[in-house]
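> What follows is a predicted structure for the sequence shown.
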Amino acid sequence: MERTYIKELGSKIGKEVRVKGWVNIRRDQGKMIFLDFRDMTGVIQGVILPKQTEALEQGKKLRQEFVVEVNGKINERPENNRKAGILNGDIELEILNIIILAEAAPLPFDMSIDGFNLDIKTELDNRALTLRHPKNQAVFKILETVIDSFREIMKAENFFEFQAPCIVPATAEGGAEVFKIGYFGKNAYLTQSPQLYKQIVMSAFERCFSVNKIFRAEPSSTTRHLTEIVSLDAEFAFIDSWTDVRDMEEKTIKYILEQIRRKNPEQLKILGAELPVMLEKTPTISLREAQQKIFEIYGRDNREDKDLSSQDEIEICEIVKKETGSDFVFVYGYPTKKKPFYVYPNPKEPELNEGLDLICRGRELSSGGRRINNFEQLEKHVNEWEIDPKTISMFLQAFKYGVPPEGGFAFGAERLVLQFLNLPNVRQAVIFPRDMNRIDERLEGTESEY
RNA sequence: GCGGGCGUAGCUCAACGGUAGAGCACUCCCCUGUCACGGGAGAGGCCGUGGGGUCAGCACCCAUCGCCCGCGCCA
């Protein structure tokens, strides 16, 4: 007999079926046993009736996570035992025979739907098992949707997808710390951003994007830092203003949120997650305005600071939420000197640039903005930022031969999920998170030569 | 890097200067309609590790290791 997926069982009422899957739970009533089975498509309640003495015998042996093949019959449930609103709530599998395909050791912790509550340490130490929990699967499916829909919207907007390199020469971009690696007796680094590469590709294809792993050696052990990240990068030419970058970014987020709503309603329900509110027009304010508002409303005077602090980001989001209802806010106009050399300075006020951050629910989701496209201006900045032109010669080559006004943005995929789902820890947004202290298992002892 | 907090059963957590406790999981028993059930019994602990003060420490003090959180930095 062919295997039937659990999701399809509703159309098999009265028929004999073969189901393959895992045992979610056994509810042993003595003379009858209920068993919930799970496959990749859903869950079905099985029941072994008192008359099935042989099956009862088999059923007694089963524990959680045993892998089984079940032969049985699909029945409608008795009238007063139906569960509304859930898959297969109105049917059950009358079990005739069970074949154990694999046994499972007793679980080391509570995997029940409500009882599942582990320290992040226990969770990650047991990843192979915790990955089976519906709440985790819900998060990772939403991460999948985030990455899929980023690709979809980019392609719909005629962006060219390219694969940025992970191995890079000495990095020019300021900011985050980089991982140094040995490379045939020479030095190389893991990329911390496809920034310069996407600008080069943009200069040839007008519009490009990449979905790439990036690596940050920040010695930051926090709930929002990873050392290995999926970066969703976009760059496009022929913009009139930094606001074109903002609008594209907004459109991208809007699309991603729509797709999560469309594809993952069940996952959102399991997680009890409320997606952030994005208005038709996301509020946009300058850094100075943001700092002024924080000063006026919360009385903290950070008006001279070069960027928003963590607390500032929380407060500006509270203010914007109260004023407009939006969970998102764009903040633009950062001190030119504080940001990377390629960010475009405001011509009227060159000490401020046309860089742009998107903040959501108190945390930065992305950075972007307009870039310098004029070769002479770029060279001047390279000089002032004290960057050795030889280290970015390929990048400069592109601009030497003509690049239109352009800009772009980047999201950390895991942080999108973190903020969209209001998770307490970014490690919960990745199946195999890498941080300062963990690569699958906790790192200890041996010092590396790097 | 700086600051704060926590290490007690397989997991999540209580308690208390004087017999170590619960829920879930585990083993066994009971249960014909449960909803990741219910009832009963049992097993399971060098109270992270090392010192110290005390008649007496899981609790107080010091050190050490581990973990978590916040800040900085960043996405």
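Ah, there it is. Numbering: from 1, shown residues only, chains lettered A, B, ... in the order given.
> List, one by one, the residues from the stretch 101-250 of chain A near RNA strand B.
Within the stretch 101-250 of chain A, the positions adjacent to RNA strand B are A:106-115, A:117-122, A:133-134, A:175-176, A:193, A:216, A:218-227, A:229 by Cβ under 7 Å from any atom of the strand. For the C-beta atoms, the positions are set from N, CA and C on the backbone; glycine is no exception.
> Buried ones among those?
Among those, those classed as buried by 16 or more other Cβ atoms under 10 Å are A:111, A:118, A:133-134, A:193, A:216, A:218, A:224-227, A:229.
> Export the residues you listed as JSON lines, with columns for secondary structure and pLDDT.
Listed next are those as JSON lines, based on DSSP: H, G, I helix; E, B strand; the rest coil; pLDDT from 0 to 100:
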{"residue": "A:Met111", "secondary structure": "coil", "pLDDT": "93"}
{"residue": "A:Leu118", "secondary structure": "coil", "pLDDT": "92"}
{"residue": "A:His133", "secondary structure": "coil", "pLDDT": "96"}
{"residue": "A:Pro134", "secondary structure": "helix", "pLDDT": "95"}
{"residue": "A:Ser193", "secondary structure": "coil", "pLDDT": "91"}
{"residue": "A:Arg216", "secondary structure": "coil", "pLDDT": "90"}
{"residue": "A:Glu218", "secondary structure": "coil", "pLDDT": "81"}
{"residue": "A:Arg224", "secondary structure": "coil", "pLDDT": "87"}
{"residue": "A:His225", "secondary structure": "coil", "pLDDT": "88"}
{"residue": "A:Leu226", "secondary structure": "coil", "pLDDT": "92"}
{"residue": "A:Thr227", "secondary structure": "coil", "pLDDT": "92"}
{"residue": "A:Ile229", "secondary structure": "strand", "pLDDT": "94"}
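> for the strand or helix carrying A:Asn97, packing partners?
Per DSSP states H and E, A:Asn97 falls inside strand A:91-102. Here strand A:91-102 touches strand A:16-28, strand A:42-48, helix A:53-59, strand A:67-76, going by 3 or more Cβ pairs under 8 Å, 6 or more residues apart in numbering; DSSP states H and E.
> Now the weakest link among those, please, by mean pLDDT.
Here the lowest mean pLDDT among the helices and strands packed on strand A:91-102 goes to helix A:53-59, at a mean of 93.
> Flag every buried residue along that one.
Of the residues in helix A:53-59, A:55-56, A:58-59 count as buried by neighbour count, 16+ other Cβ under 10 Å.
> In terms of secondary structure, what does it contact?
Other helices and strands packing on helix A:53-59, by 3+ Cβ pairs under 8 Å, 6+ apart, are strand A:33-39, strand A:42-48, strand A:91-102.
> winner for burial among these?
Each of the helices and strands packed on helix A:53-59 was assessed for mean neighbour count using mean count of other Cβ atoms under 10 Å. The highest is strand A:42-48, with a mean of 23.
> what's the angle from it to strand A:33-39?
Using axes from the mean of the first three to the mean of the last three Cα atoms, to 10 degrees, the direction of strand A:42-48 lies 150 degrees away from that of strand A:33-39.
> and the angle from strand A:42-48 to strand A:91-102?
Here strand A:42-48 points in a direction 90 degrees away from that of strand A:91-102 (the same axes, to 10 degrees).
> Name every strand pairing with strand A:42-48 and say which way it goes.
strand A:33-39 (antiparallel), strand A:91-102 (parallel) (DSSP bridges).
> Export the very next helix or strand once past the last one to CSV, keeping only CA atoms.
Taking DSSP H and E as the definition, the helix or strand that follows strand A:91-102 towards the C-terminus is helix A:120-125. Taking only C-alpha atoms (Å, rounded to 0.1, in the frame of the first residue of the first chain), the coordinates of helix A:120-125 have been written out as CSV:
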residue,chain,number,x,y,z
ILE,A,120,19.2,28.7,25.3
LYS,A,121,22.2,26.6,26.4
THR,A,122,20.2,23.4,26.7
GLU,A,123,18.3,24.2,23.5
LEU,A,124,21.5,24.6,21.5
ASP,A,125,23.3,21.7,23.2
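> Return the distance of helix A:120-125 from the chain's centre.
The chain centroid and the centroid of helix A:120-125 are separated by 19 Å under Cα atoms, centre = their mean, to the nearest Å.
> what helices or strands is it leaning on?
Counting contacts by 3+ Cβ pairs under 8 Å, 6+ apart, helix A:120-125 is packed against no other helix or strand.
> cutoff 10 Å now
Packing contacts for helix A:120-125, counted by 3 or more Cβ pairs under 10 Å, 6 or more residues apart in numbering; DSSP states H and E, involve helix A:127-130, strand A:438-439, strand A:441-442.
> Tally up the residues packed near A:Thr391, please.
Other residues near A:Thr391 come to 16 when the count uses other Cβ atoms under 10 Å.
> gap between it and A:Tyr189?
Counting by Cβ to Cβ, to the nearest Å, the gap from A:Thr391 to A:Tyr189 is 11 Å.
> Can you give me the buried ones in stretch A:146-166?
Those buried within stretch A:146-166 under the rule 16+ other Cβ under 10 Å are A:146-147, A:149-150, A:153-154, A:159-160, A:162, A:164.
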